[in-house]
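> Pasted the sequence and its predicted model underneath.
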Amino acid sequence: MIDLNKLLETLLYSKKDPILFNSAFFFYFFAVFLLCYLAAARSKRYRVAIYTIFSLYFFYKACGPYVGLILLSAIVDFNLSRWIYNSEKPGFRKGLMTFSIILNLGLLFYFKYMNFFIGVGNDLNVWHFNLIRDIILPIGISFYTFENLSYTIDVYKREIKPVDNFMDYLFFLSFFPKLMMGPIVRAADFIPQISQPYELDSEDIGKGMYLIISGLFKKVIISDFIYQNFVQYIFDDPSKHTGLECLLGVYGYALVIYCDFSGYSDMALGIARWTGFKIPPNFESPYQSASITEFWRRWHISLSSWLRDYLYIPLGGNRKGKVRQYINLWLTMLIGGFWHGASWNFIFWGGLHGTALAVDKVRIDAQKKRGGAPAGWKGTVLKIGGIFLTFHFVCFCWIFFKASTFHDSWALINQIVHDFQPEVWLELYNGYTMVFWVMLGAFILHFLPKRSENFAERTMARFPVWGSIAVMAFFIYILVQVKSSDTMLPIYLQF
């Protein structure tokens, strides 16, 4: 007999148990959603309604009453964009756009940065206010805020027409596969797909299944395992560990954050693909980058392109001289770091990357004057050296991104520099044998050429429907067997 109280408790929002792609509840949620969605496949109106209802419920299960924020954002920006587009008065149009920007950033500021600035003002004796208690960062607010802003700005610049149907815009904004952790999707890329008939071919099925399986594999098998069994111990108190342990912990975290975030992005892309929507990839093997500039073309691509189009270019981009270009790069990354969280560590992390991008721009300009990069064996050596240096610079920056405070960051660096103790490697290996093998395997998989991924996708596309279901069921079974009983919340859930 069904326990109605337990069922109701499962269906309602729980702060301690938010819905996650790798949770058991999500598999039931997705199965019911898919059955309803397929039943309405021939009607665009019903598809949108079903997808939107399930998306809003997904958001409710993730952060409870804050689902109202996404409804408010959709209502305001849907109407403002139409007024902006239909008005011929430049001042009025600019005023409406400014209001939209202030409202969106104001909500983000209140929930994400208010206590940070209150604390800074208190420390500097500018004011003396109490921190706001019980303020919770609504899940996904950083992502859908940027989507709202890009939509309104694009309409203001008349690069796109505003949406005529409110449900279409609410569907775009609340689309649950990308709601919690992105990618940041542009309305111009997504909304035209809403009216297209729902049709799936073998490529869609194969690509979607590959993305979902690879995403779950990266998140649960690699990221969660490495973090829970090694990385968290290092970063909890670096001073208790040797420099060798700390260095390996940093390498481990580089895998953890990549596999965690890209894993969720892959699952979002795969779910979207199965439901008839194509979202651009958010990661392209970023640790294969031979320069920091290339890294930011491969890492969190949707954020990088958003910052470029809506911050770097409006600041002046490269149109106002070299020095101004370098300053614009630095400011863009500084703000990008602050987007990640209200912490001096994130600001410092963004400043490091901004400085590196400016320096790399000097290198690129000098290389162009010399006629381009050298070819042959010299070019190969430089590329390998570039990958090595870029990876280690990124890892160095991850220390500040992950550590709770500056003190912890410098404590870890101090251990690596002054207390390395390489002689403990055998003891360390014996203590974390499986972790290190998983790390090695993850790096090998990451550096495989793109064609290996394409081969896997084509292979899955050849499976019949029953074969695809069998593969997915078998993978989920294996996942349940190896999954830790303690669910690890996604890293980017806090952003």
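On my side now, so go ahead. Note that the structure is a prediction, hence the values are computed from the model and not measured.
> Quick check: longest helix in the chain by residues?
Identified as the longest helix of the chain according to DSSP state H is helix 90-123.
> in that helix, what counts as buried?
The neighbour-count check on helix 90-123 (16 or more other CB atoms under 10 Å) flags 93, 96-97, 100, 103-104, 107-108, 111-113, 115-116, 118 as buried. For glycine as for every other residue, the C-beta is placed from the backbone atoms N, C-alpha and C.
> Centre of the chain to that helix, how far?
Centre-to-centre, helix 90-123 and its host chain are 22 Å apart (CA atoms, centre = their mean, to the nearest Å).
> Next secondary structure element downstream of it?
Of the helices and strands lying after helix 90-123 in sequence (DSSP states H and E), the nearest is helix 141-156.
> tell me what that next one is packed against?
helix 67-86, helix 90-123, helix 166-174, helix 176-179, helix 187-194, helix 301-307 (3 or more CB pairs under 8 Å, 6 or more residues apart in numbering; DSSP states H and E).
> Next, count neighbours for residue 404.
11 (other CB atoms under 10 Å).
> what sits against it?
235, 345 (CB atoms under 8 Å, 6 or more residues apart in numbering).
> hang on, the earlier thing: out of the buried residues of helix 90-123, which comes closest to residue 11?
Nearest to residue 11, judged by CB to CB, of the buried residues of helix 90-123 is residue 111 at 25.6 Å.
> Please report the distance of the residue lying closest to that closest one once chain neighbours are set aside from residue 299.
Once flanking residues are discounted, residue 111 sits nearest to residue 137: 5.4 Å by CB to CB, 6 or more residues apart in numbering. For residue 137, the distance to residue 299 (CB to CB, to the nearest Å) stands at 23 Å.
> Can you read off the backbone torsions of residue 133?
Dihedral pair for residue 133: phi -80, psi 150, per degrees, to the nearest 10.
> For it, report the pLDDT, please.
Looking at residue 133, its pLDDT is 82.
> Can you give me the separation between it and residue 110?
14 Å.
> Residue 18 in helix, strand or coil?
coil (DSSP: H, G, I helix; E, B strand; the rest coil).
> which residues are in contact with the strand or helix carrying residue 233?
Assessed by DSSP H and E, residue 233 sits inside helix 232-236. Here helix 232-236 makes contact (CB under 8 Å, 6+ apart) with 241, 245-246, 248-250, 252-253, 402-404, 408, 412.
> Only C-alpha atoms, please: export it in CSV.
Output in CSV follows, covering the C-alpha atoms of helix 232-236 (Å, rounded to 0.1, in the frame of the first residue of the first chain):
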residue,chain,number,x,y,z
GLN,A,232,38.2,17.2,0.2
TYR,A,233,40.8,16.0,2.8
ILE,A,234,43.5,18.1,1.2
PHE,A,235,41.5,21.3,1.0
ASP,A,236,39.9,20.9,4.4
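> Who are the packing partners of the longest helix of the chain?
Helix 90-123 packs on helix 67-86, helix 141-156, going by 3+ CB pairs under 8 Å, 6+ apart.
> among those helices, which is the most enclosed?
helix 141-156 (a mean of 23; mean count of other CB atoms under 10 Å).
> I'd like the mean pLDDT over it, please.
95.
> ok, now stretch 217-235?
The model assigns stretch 217-235 a mean pLDDT of 94.
> Could you number the chain from 12 rather than 1 from now on?
Renumbered: residue one is now 12, and that last one reads stretch 228-246.
> For that stretch, measure first residue to last.
24 Å (CA to CA, to the nearest Å).
> Buried residues, that stretch. List them.
Applying 16+ other CB under 10 Å to stretch 228-246 flags 228-238, 241-242, 244-246 as buried.
> same thing with stretch 428-440?
residue 439.
> Could I have the CA atoms of it written out in PDB?
In PDB, the C-alpha atoms belonging to stretch 428-440 read as follows (Å, rounded to 0.1, in the frame of the first residue of the first chain):
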ATOM      1  CA  VAL A 428      57.000  25.000  -2.100                       C
ATOM      2  CA  HIS A 429      58.500  24.400   1.300                       C
ATOM      3  CA  ASP A 430      57.400  20.900   2.400                       C
ATOM      4  CA  PHE A 431      57.100  18.800  -0.700                       C
ATOM      5  CA  GLN A 432      58.500  15.500   0.700                       C
ATOM      6  CA  PRO A 433      58.600  13.400  -2.500                       C
ATOM      7  CA  GLU A 434      59.800  10.400  -0.600                       C
ATOM      8  CA  VAL A 435      56.300   9.800   0.700                       C
ATOM      9  CA  TRP A 436      55.000   8.900  -2.800                       C
ATOM     10  CA  LEU A 437      54.900   5.100  -2.200                       C
ATOM     11  CA  GLU A 438      53.000   5.400   1.000                       C
ATOM     12  CA  LEU A 439      50.600   7.900  -0.600                       C
ATOM     13  CA  TYR A 440      50.100   5.600  -3.600                       C
END
